[in-house]
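Undergrad: Kindly generate the corresponding structure for this input.
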Amino acid sequence: MTPILKAEKTYRTYSSPILLELKEREHQLAPADRQALQNILMERRLVDIGSPTGSERRNTGEYDRQK
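TA: The predicted structure is shown next:
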């Protein structure tokens, strides 16, 4: 594992619990801060937004390989 990947993994390991704690306290945040938090949680897939469709769905290439 490269140093950059290792650092990113460490960052995500430590930041996820902090982000989830902020989610519990989001009612105390300013509207712009709440939106920023929501964007990060969605990006990191730490919040359930339902089943993504269309361009939001991750394409792993598995379907393309089966064809």
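
Undergrad: quick one: contacts for Leu22?
TA: Leu22 is in contact with Leu29, Leu37, counting by C-beta atoms under 8 Å, 6 or more residues apart in numbering. The C-beta positions use only the backbone N, C-alpha and C, and glycine is treated the same way.

Undergrad: Report the separation between Lys6 and Arg12.
TA: Note on Lys6: its distance to Arg12, by C-beta to C-beta, to the nearest Å, is 11 Å.

Undergrad: ok, now Ile4?
TA: 13 Å.

Undergrad: Between these two, which is the more surrounded one?
TA: Arg12 (11 against 8; other C-beta atoms under 10 Å).

Undergrad: That one - nearest residue in space that isn't next to it in sequence?
TA: Of all residues not flanking Arg12 in the chain, Arg44 sits nearest, at 7.5 Å (C-beta to C-beta, 6 or more residues apart in numbering).

Undergrad: Leu41: how many residues sit nearby?
TA: 19.

Undergrad: And for Arg34?
TA: Counted with other C-beta under 10 Å, Arg34 comes out at 15.
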